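Visitor: Got a predicted model here, sequence first, then my questions.
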2 protein chains.
Amino acid sequence: MTIAKVTEKYNIPEDTLRYYERIGLLPPVHRGKGGIRDYTEEDCRWVEFVRCMRGAGLSIEVLIEYLRLYQLGDETIDARKNLLVEQRAQLRAKLEEMKQTLERLDYKIVHYEKITLDKKVENPSCVRVP
Amino acid sequence: MTIAKVTEKYNIPEDTLRYYERIGLLPPVHRGKGGIRDYTEEDCRWVEFVRCMRGAGLSIEVLIEYLRLYQLGDETIDARKNLLVEQRAQLRAKLEEMKQTLERLDYKIVHYEKITLDKKVENPSCVRVP
DNA sequence: TCTTGACTTGGAGTCGACTACAGCCGGTAT
DNA sequence: ATACCGGCTGTAGTCGACTCCAAGTCAAGA
């Protein structure tokens, strides 16, 4: 699969795919004639995995480490699991924080809607909070 | 309230508080003798608000705009509400994405645990996926 | 044969969000 | 009087994560 196809399929710019590979966030992609990249099924799985994890905010550094461990084989299964457990904990925490903030936004929006209604009935009962 | 107290209370570095004020992410803080900042209750509410929203990933740009609108008074209530509604939508989407990823991590971790167990009973039934 | 277009590398530039000084000021403790 | 805080401004530097570009290669089509 050419880089253009991968870009199209996963919606990741070509430059970014090359960059990911260069820094070791993707395994070295096999090259065909003239050094042109030819992404295998497994390469694509990595691309998708990285997109997913980056989308959730995992750092590039951590993902490079994960790939590195993966490439070292079965010896690193424990280390990989620990890495994922750690990242999961952080993700959980972030998620919780964001849920709280979402609720706060809900509350504020309701507040703004109340103000607007109050104004319509000429009864301004709003308080000044951020 | 001095900047040091605010730093301590909200766990935001002094440099960052000054930076936030400079770029208009906080309203101009009143100064006492010798130009020293004296944060009011309302200033603190903004600090806390900004910390919360930044923590959820809202951009500085958007928050500056929100403060700007707020400072323009009641004329901008609608605009502010719209801004919040938009940001809430984005936050919801991000949250959903992260939830999916969290589940995926759960799944992968379980998978790694299975591998470890399998190995203990000399029955390696694992597949090679990222 | 020449051009076009998809790909390559290597390196530099950008962007958002801080973060770290250098150098100065004013009040208090020794 | 001096030294030390704690704060101030202004500017520059850092960091993570891309993003852009020049210059080159190669294959296929007019």
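Guide: Yes, it's here. Residues are numbered from 1 along each chain as shown, chains lettered A, B, ... in the order given.

Visitor: Check whether A:I36 really touches A:T2, as I assumed.
Guide: Yes - contact criterion Cβ atoms under 8 Å: A:I36 and A:T2 qualify, at 7.2 Å. C-beta: built from backbone N, CA, C; applies to glycine.

Visitor: what about the worst-scoring helix or strand of chain A on mean pLDDT and chain B, any contact?
Guide: Least confident helix or strand, chain A: helix A:77-120 with a mean of 95, by mean pLDDT, DSSP states H and E. Yes - Helix A:77-120 lies within reach of chain B by Cβ under 8 Å from any Cβ of the partner chain, at A:77-78, A:80-81, A:84-85, A:87-88, A:91-92, A:94-95, A:97-102, A:104-106, A:108-109, A:112-113, A:115-116, A:119.

Visitor: Just want the angle from that helix to helix B:77-120.
Guide: Angle of helix A:77-120 versus helix B:77-120, following axes from the mean of the first three to the mean of the last three Cα atoms, to 10 degrees, is 160 degrees.

Visitor: Mind giving me the packing neighbours of helix A:77-120?
Guide: On a contact count with 3 or more Cβ pairs under 8 Å, 6 or more residues apart in numbering or on different chains; DSSP states H and E, helix A:77-120 meets helix A:60-72, helix B:41-55, helix B:77-120.

Visitor: Who are the contact partners of A:M53?
Guide: A:M53 sits next to A:63, A:87, B:101 when contact means Cβ atoms under 8 Å, 6 or more residues apart in numbering or on different chains.

Visitor: Quick check: the first one touching A:V50?
Guide: Think A:L63. Yes - in this structure A:L63 lies within contact range of A:V50 using Cβ under 8 Å: 6.0 Å.

Visitor: any common contacting residues for these two?
Guide: Common neighbours of A:L63 and A:V50 (criterion: Cβ under 8 Å, 6+ apart): A:L25.

Visitor: Show me the residue sitting in the middle of chain A in space.
Guide: Among the residues of chain A, A:G55 comes closest to the average C-alpha position under Cα atoms, centre = their mean, at 1.3 Å.

Visitor: got the contact list for that residue?
Guide: Contacts for A:G55 (Cβ under 8 Å, 6+ apart) come out as B:97-98, B:101.

Visitor: Pull up the gap between it and B:V62, please.
Guide: Separation of A:G55 from B:V62 (Cβ to Cβ, to the nearest Å) stands at 20 Å.

Visitor: for A:C44, same thing?
Guide: The spacing between A:C44 and B:V62, counted by Cβ to Cβ, is 35 Å.

Visitor: okay, now the nearest residue to A:K108 once chain neighbours are set aside: neighbour count?
Guide: Using Cβ to Cβ, 6 or more residues apart in numbering or on different chains and skipping the chain neighbours, the partner closest in space to A:K108 is B:L84 (5.8 Å). Counted with other Cβ atoms under 10 Å in any protein chain shown, residues neighbouring B:L84 total 22.

Visitor: Thanks again, I'm all set now.
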